[in-house]
Structure formats: structure tokens, C-alpha cells
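Visitor: I would like the atomic coordinates for the input below:
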Amino acid sequence: MTRKGSLARRPRLRGIEAFPVDHEGQRFLALRDPSGYTPSVVMVPLALLEIVSLFDGEHDVAEIQQAVQRQRGEQVDAARIEELAEALDQHGFLEGPRFEARRTEVDAVFLSAAARPASHAGGAYPADAAALRAMFDGFFAPPTGPGPINGAAATSARVRGLIAPHIDFHRGGPAYAWGYRDVAERCDADVFVIFGTCHAGMAHPFALTRKAYETPLGPAPVDVEFVEALASRAGQDCFGAEVAHRNEHSIEFQAVFLRYLFAGRRDVTIVPVLTSFVHEALVRGRRPEDDRRVMRFLDALGETVAAGRPRVAFVAGADLAHVGPRFGDGAPVSREQAARLATADRATLATVTAGDADGFFDDARRDGDARRICGLSPIWMLLRAIGGAPGVLRHYGQTPDPQCVVTFASVVF
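Guide: Modelled structure (predicted):
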């Protein structure tokens, strides 16, 4: 790379995740792309952190040299800065022509595909159908699981909604089972509207797709007629961020579990809705309902449900807190902190089981979302969609790694 290149002038990092990792006795900053345009995880030595932090599009190489000189009192060779920028650009972590070409190619492949591929099969869960069924069967086994599915319980109240985790199955599998057993036994829905977190964020509050979600157990078909009617009534661009579905796991994991429950037993369809608006409202000091696009979409959803013949249930693929060094905190999570975290989470879940969307938002706003609850948008949407119906907490869990504590719950409505 030469000084004539745009990256050498003012390199700019994309919206990526950065977190500390230990590798072979050394401390690194790991960089990962949540949108999945690059599968690479790049580890940058912490000694280069100050340089990388100045890849903001505002500093050229000379200015980066000057800033490091002021901070450290040492001169960094310009070639070293350029080599670092070039390496990050090659991996797709910098904005610029190389990444734009990569994104255009990846998006075109996805948009032209007949179905949405099972992007996490073979990684987060087995790509082999028999192995997948065996793994899911194990999630129901006591003592961590709720026990096997007993068949329909006709005398029990019908399940209208479910908040399920979207954490990796190997870390939270039984939590899925605690919620989905109720769906298997007491839900007669033909259509499942699935609200998912868009971890990479979107320019639009909602993203729909007409593409079936592929799974190792066969495709989870989309109710295209429902999707089209919803998009038409919403009066906004519901497909402008459709490419966000390509790599996002929050809906994929729910689609896989629904196929596990119903494939070969009952025909069901899904309506995949990626969401990203509650965090934005928090940052702007506003409420979700202040965004007219959100309220129009909610109204359109209610009208589409009321106008249709199929029975509809709602699922939110949503985790709760994200704390620890992996998420930017300074120290590992102690047992005492984990206990306080559980107390705070249960207070949040009390607003959820009360069906109180406003109370849920106020709870997150009270501490400035200090726990980084990534499921704010899908949970809020589900609470509004079911009209304040109360729920029952079936399971609450925390991952045990003090460097990376994620909390999650299953709530049945």
C-alpha cells in the first residue's frame, strides 16, 4: 500500500466488535464483524491499540504519528501504520472501495438466492439432521431441561407468545426447551411471527424477507401473503435492510427449533421480522412509540393478524444482559456481581411477565441500559403485539464465563 491510497490518507474502521482476548500468554484486541461480511477474527496486539483507535476517518497517517508521539512520547514509522491499515482492509474491517466491492458481491448473492441459507449450521449447531435432533432431544432431559414433550394439553390455556433466547445452543439449549415445550403442547398457531434482534443494527427499524429459512430439518417456509400484506399496510420500506437476515442468528435459531417441533407433524409458516429501534430511542432520549414508523408497523401487524385466517403466535428471539471484559467492562464478573445482575434481570422480567411494554422500556432507561440488553427491540415488540397479556417465567440463566456473561430467559404468554 502506498501513501497515494485513500486508506493511507484517512483509514476508517467499520462498525465492528472489539474485545480483549488472551492468546499464548499475550493480550490482544480481537476484531470481529457482527454483520458477517468477513468471517475473519483479527487479533491486534494491545501495543497497537492507540493506532487502531485513530482509524476513525478523521486522521491521516501523519496525524496518527503525531497523536501517538504526544501520547507515548515515541515515533511510530509511517510504514507500520500503513501496513496495519492494509491488513485490516484486506480482511474487510475498513471502509473503502475494497469493502464496498465485497459487500456488493455478498449482498447480491443473498438477494438472488431462492431461500435464506442456514448460515450457522455446522457451527452453532449440527448440519446433520439426526445429530441436530439428538442434540435438541437432550435439551429437554432433566435436571437442566423441563422433561419430554407430553403432547397437546387441550385443557390448558393456549400459548400466544414466547420469549426464547438466541444464545448459542451449546450454552443455553435447555432454556429453549423450557419455553418451546409449552409451544409444542399448547400452541395451535399456523403462523409464527418471529421478532429477532439485529446485532449489526439497521437504517430501518424493521426488516422483512420473503425467503424461507433453510434448516437441516428442511426449510421453514415464510407466509409470503402475510409478509406482503404487512409490508403494504406498514407504509414504509420493510425490505430496505433485508440483507441483514443473511447472517443474523436471532431468527435462525427460532426457525430451527420450530422445525424440530413441527416438521412432519404440522404445517406451520414463519414471518421473520428483524428489529432495531429501542436502543436508538434510548440514545436519542426518546420512547419507541415516538417513531411513527414503529407505530405504523405495529398497527399494520395487528390489522394483518385480524384480517387473516391462520392462527398467529409471536416469538421474540432475545437475550438479556451482556457484561464482562468481552463487552468492554474493565474486570471479570465476580459471583457477587453475577448475583446482583440476576436481581436486576429479574426486576426487568417482572415488567415482562406483567405484559408491560412501557415498564420494560423504563426499566432499561433507568440505568442507561448498563447491562446491554440486546433483546430490547424484539421483547418490546412482542409485549405490544400481545396487547399486555401476562406471561410466566419458565427459565432464567447466565453463562458461567466471568469474561463474557450473557443472561437469558424463557417466558411463555
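Visitor: okay, now the domains of the chain?
Guide: Per automatic domain parsing, the domain ranges recorded for the chain read 6-104, 115-412.
Visitor: and among those domains, the most buried is which?
Guide: Highest mean neighbour count among the domains of the chain (mean count of other C-beta atoms under 10 Å): domain 115-412, with a mean of 19. All C-beta spots, glycine's among them, are computed from the backbone N, C-alpha and C.
Visitor: what's the end-to-end length of that one?
Guide: Taking C-alpha to C-alpha, to the nearest Å as the measure, domain 115-412 stretches 30 Å from start to finish.
Visitor: please, which helix or strand holds V21?
Guide: Counting by DSSP states H and E, the element that carries V21 is strand 17-23.
Visitor: mean pLDDT lowest where, among the domains of the chain?
Guide: Ranked by mean pLDDT, the domains of the chain bottom out at domain 6-104, with a mean of 88.
Visitor: can you give me the strands for the stretch 301-413 of the chain?
Guide: Ranges of strands in the stretch 301-413 of the chain, per DSSP state E, counting those that start in this stretch, are 312-317, 322-323, 392-398, 405-412.
Visitor: now these in TSV, with distance to T304?
Guide: Formatted as TSV, the strands of the stretch 301-413 of the chain follow (distance: least, C-beta to C-beta, whole Å):
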stretch	distance to T304
strand 312-317	9
strand 322-323	33
strand 392-398	27
strand 405-412	23
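Visitor: right, so of these, which gets closest to D356?
Guide: Ranking those by distance to D356, with C-beta to C-beta as the measure, places strand 405-412 first at 12.5 Å.
Visitor: in terms of secondary structure, what does the closest one contact?
Guide: On a contact count with 3 or more C-beta pairs under 8 Å, 6 or more residues apart in numbering; DSSP states H and E, strand 405-412 meets strand 161-164, helix 169-186, strand 322-323, helix 335-353, strand 392-398.
Visitor: which residues does the shortest one contact?
Guide: What that stands for is strand 322-323. Residues from elsewhere that reach strand 322-323 (C-beta atoms under 8 Å, 6 or more residues apart in numbering): 329, 333, 337, 341, 371-374, 405-406.
Visitor: next, give me the two most distant ones among those.
Guide: Distance extremes for the contacts of strand 322-323: the farthest pair is Q337 and C374 at 18.8 Å, using C-beta to C-beta.
Visitor: and S35, what does it touch?
Guide: 15, 200, 244, 247.
Visitor: E100: what secondary structure?
Guide: Of the three states, E100 takes helix according to DSSP: H, G, I helix; E, B strand; the rest coil.
Visitor: nope, E225 is what I meant
Guide: Secondary structure assignment for E225 (three-state DSSP): helix.
Visitor: quick one: contacts for R296?
Guide: 234-236.
Visitor: now do 6 Å
Guide: R296 is in contact with 234-235, counting by C-beta atoms under 6 Å, 6 or more residues apart in numbering.
Visitor: give me the angle between the strand or helix carrying it and strand 312-317.
Guide: Taking DSSP H and E as the definition, R296 sits inside helix 292-307. Taking axes from the mean of the first three to the mean of the last three C-alpha atoms, to 10 degrees, one finds helix 292-307 and strand 312-317 inclined to each other by 140 degrees.
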